[in-house]
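Visitor: Kindly generate the corresponding structure for this input.
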Amino acid sequence: MSIYLYRLAHLAFRHRRIVLALWLLAAIGAIAIAQASGGKTNDNFTIPGTEAQHASDVLTAKLPAFSGGQSTIVFATHGTAKVTDAAIQSAIQAAMLKLKTVPQVTTSVDPFQGKLVSASGQIALGQLQWSAKPTDVKTANLDVMKDDLKPVQAAGVEVEYSGSVYPGWNKAISELPELIGLIVAFIILMVTFGALAAAGMPIIGAIIGVITTLMGITAVASIVTIASASTTVALMLGLSCGIDYGLFILSRHRTNLLNGADVEESVATAVGTAGGSVVFAALTVIIALCGLTVTGIPFLRIMGLAAACSVAVALLIALTLLPAMLGFAGTKVEKFTRIPVLGARAERVARRSAADPDSPAGATWARFVVRYRVLVLVGVIVILGVLALPATKVNLGLPSGASQSKDNTLRKAYDLTTEGFGPGFNGALLIVAENVTSPDQITQIVATLAKEPGVVSVAPLVAENNTSLIRLIPKYGPSDDATAHLVHSLRNNRAAIEGNTGVHILIGGTTASNIDVSAKLATALPIFLVVVVGLAFILLTFAFRTILVPIKSILGFLLSIAAALGAQVATFQWGWGEHIFGITPTDTISFLPIIMLAIIFGLSSDYEVFVVSRIKEEFTKRGGDARRSVQRGTSLSARVVTAAALIMFSIFVAFMFTDDPTIKAIGFSFAVGVFLDAFLVRLTLVPAVMAIVGAKIWYHPKWFTKYVPDPDLEGERLAQRLAAQKRVPELDPA
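Guide: Okay, here's the model as predicted:
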């Protein structure tokens, strides 16, 4: 493989104008297609195979007027005023009557019609039913809705919103996290390279790749439902992987130049050697992301595929566009900036590292790890084990109003509803009854449902086309375990509830749908883990031609993911980060663990490949001196892996500067996972284990050599060919 990558880099270098033009054309073309297609992300999720989805499908077919979005308007008075006061009641009734005329609104029920006034008389709930799905409700109509309620606010009434759609529910995604991440990445690259050209190229390549990918995703969104979270994850990985892959190749090229190599030959050799590690690193990430397809949940499948495409584009950018840009830059990448301190320090470290790899701080750390390998091994396992303890208490759920910040209207509506009516009113269940031929059938079912433990109230809403819709209010909130138990109990006792009515009931609604998603994810998680880990094991075994290295890699990853999940539980679920990050303690998002498994596993494999490939390269050079190879290989990869991990960490942390608690949790979990895996596992635990095991770490059966092709990950065959052709001097004196 190294020879093919070497040739590809030569081709890209020599035809750099064409390569650059093609990538710019791809980006511009993707933008044009995205604009022409009118595609946009859509959070109308479907969960095939679940009862809640079946109930939703029946509503769409039989009761279309009630299959769209819903809004709950919470009216609250303070002091001695009550919503039942004549002036206030009149204002609320007039506003709700006016809301019936808002386009796309099919039903408007004021609190007094619906008998949704609290015992205190200070909190009331109005209901709106929309004809369209939440994402299809026009923003202009929501603005009209908000304007129509201003007279109520003028009367001294607090107005808050909840439901699947309400004014301001679909906020525009801020570009601030990406900007912060790029700025921090540039600073890290400047400290690493001390040259503007070297610091800028990985970022430029990543930006072009991200634009191309995201615009392509937007175009596809015109025909396929793509969740907004999919673009966020694709953006995170596109930027971080794009910069990391460029950094790894550029670092090798920079060392080659400082050792006197010709520019073109240096670029080609860097891609031929470091590029092999980049290819296998990217493939492990792509495999992990594509593994999300086994969950059977469409929005996770699309999220995984979108992110995988982003990583694939980042890989292509690193192997083609980066060599082309290095051709334009020439020797500028080895020219250090004149910024005081920064340039001089970077030059001193770079030249010292190129001439004597045993001198930098990374070499000092490597010597420490190898010397105290047993203590280091035990210490890291203890630290990660302690961090992982909270993960044993993880509670899975999906975001609700309770997870929002206290100044968010959804959170205020949630709290007011709980105060006035109880937590169950925030998570009503919708019972869809089919084969209804008589009102008496529904009366019997409603009476039976009302007797079920944990049920506060049951009320029929509408009957049409032999189908009825019944609203059931549970005693507990939507994220409470007791509510999930109630849903399962109702489904298990379906026959008794239906009795001899001949009616068939389905338990649906947002709360039931969230419960179904969590259950489906719990079922898919073991399958996903086996598939992804199995495929990655095969790939890493093929790459390193040994069984022990992949086993070590996977065990290290399991420690990392457990520790990262534990940190997430303590910070977000237990509330240790409530004041630090401005979050509200809530359940761990049900799909977060499986996304963490996919992404952190892929990224951990990145660093595994970067570090271990360099150790193997040193092992081959030094004729089997295992511990010396571990020390030297770790030293040579420490600086670039540190920079790469800090860049990825900073990009993930930047996404915590949002108001969305879900994105905050994702960004935090990814950041902690990457940090722990890169520094505690790949640069500490892995070298310690390899130093303990010694040369046996590279053991493989004799048949393996005969039947499994060698991908030449470390570029040994390329080095032999170049030496034979005498094209270049020895590029790496180490």
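
Visitor: residues in contact with stretch 244-252?
Guide: 189, 192-193, 198, 201-202, 205-206, 269-271, 273-275, 277-278, 281-282, 314-315, 317-318, 322, 326, 333, 606, 610, 639-640, 643-644, 647-648 (C-beta atoms under 8 Å, 6 or more residues apart in numbering). Quick note: C-beta positions are derived from backbone N, CA and C, even for glycine.

Visitor: Phi, psi for Q104 please.
Guide: Per-residue torsions, Q104: phi 80, psi -10 (degrees, to the nearest 10).

Visitor: and the residue lying closest to S403 once chain neighbours are set aside, what helix or strand is that in?
Guide: Once flanking residues are discounted, S403 sits nearest to T586: 3.8 Å by C-beta to C-beta, 6 or more residues apart in numbering. Under DSSP states H and E, no helix or strand contains T586.

Visitor: Let me see the contact set for Q127.
Guide: Per C-beta under 8 Å, 6+ apart, neighbours of Q127: 70-73, 107-109, 114, 116.

Visitor: Check whether it sits in a helix, strand or coil.
Guide: Classification of Q127 using DSSP: H, G, I helix; E, B strand; the rest coil returns strand.

Visitor: Quick check: beta-bridge partners of it?
Guide: T72, V109 (DSSP bridges).

Visitor: between the contacts of Q127, which is nearest T46?
Guide: Proximity of the contacts of Q127 to T46 (C-beta to C-beta) peaks at Q70, which lies at 17.5 Å.

Visitor: Tally up the residues packed near that closest one, please.
Guide: Q70 is flanked by 20 other residues according to other C-beta atoms under 10 Å.

Visitor: same thing with S131?
Guide: Using other C-beta under 10 Å: S131 sits among 17 other residues.

Visitor: where's it relative to A324, distance?
Guide: From S131 across to A324, the span is 52 Å (C-beta to C-beta, to the nearest Å).

Visitor: Then I600?
Guide: Taken as C-beta to C-beta, the span from I600 to A324 is 32 Å.

Visitor: same question, A306
Guide: A306 is 26 Å from A324, by C-beta to C-beta.

Visitor: Quick check: V74 touching Y166?
Guide: No. V74 is not in contact with Y166 according to C-beta atoms under 8 Å; the separation is 10.2 Å.

Visitor: Pick out the residue closest to the middle of this structure.
Guide: The geometric centre of the chain, computed from its C-alpha atoms, lies nearest to V233 (C-alpha atoms, centre = their mean), at 4.4 Å.

Visitor: tell me which element that residue is part of?
Guide: Using DSSP H and E, V233 falls in helix 228-258.

Visitor: show me the contacts for the closest residue to the residue nearest to the centre of the chain other than its chain neighbours.
Guide: Once flanking residues are discounted, V233 sits nearest to A307: 4.9 Å by C-beta to C-beta, 6+ apart. With contact set as C-beta under 8 Å, 6+ apart, A307 has these partners: 230, 233-234, 237-238, 289, 599.

Visitor: who's A433 bridged to?
Guide: Per DSSP bridges, the residues bridged to A433 are S468, I505.

Visitor: roughly how far apart are it and G69?
Guide: In this view, A433 and G69 are 22 Å apart by C-beta to C-beta.

Visitor: and what of G168?
Guide: For G168 relative to G69 (C-beta to C-beta), the value is 14 Å.

Visitor: These two - which one has more neighbours?
Guide: Counting neighbours by other C-beta under 10 Å for G168 and for G69 shows that G69 has the greater number, 21 against 13.

Visitor: Could you double-check that the more buried one sits in contact with A132?
Guide: Yes. Applying C-beta under 8 Å, one finds G69 in contact with A132, separated by 6.7 Å.

Visitor: and I692, what is it in contact with?
Guide: Applying C-beta under 8 Å, 6+ apart, we find I692 in contact with 373-374, 377.

Visitor: returning to that earlier point: next SSE downstream of whatever helix or strand the residue nearest to V233 lives in?
Guide: Element membership of A307, judged by DSSP H and E, is helix 298-316. Later in the chain than helix 298-316, the nearest helix or strand by DSSP H and E is helix 322-329.

Visitor: I'd say L59 and Q70 touch.
Guide: No. Between L59 and Q70 there is no contact, the gap being 11.5 Å when judged by C-beta under 8 Å.

Visitor: Could you find the closest non-adjacent residue to V83?
Guide: Counting by C-beta to C-beta, 6+ apart, V83 lies nearest to A124, which is 4.4 Å off, once chain neighbours are set aside.

Visitor: I'd guessed that neighbour sits against S118; true?
Guide: Yes. The criterion here is C-beta under 8 Å, and A124 meets it with S118 at 6.9 Å.

Visitor: Looking at those two, which one has more neighbours?
Guide: Between A124 and S118, counted using other C-beta under 10 Å, A124 has the larger neighbour count: 28 against 20.

Visitor: Run through the residues that contact the more buried one.
Guide: Residues in contact with A124 (C-beta under 8 Å, 6+ apart) are 74-76, 83, 92, 111-112, 116-118, 420.
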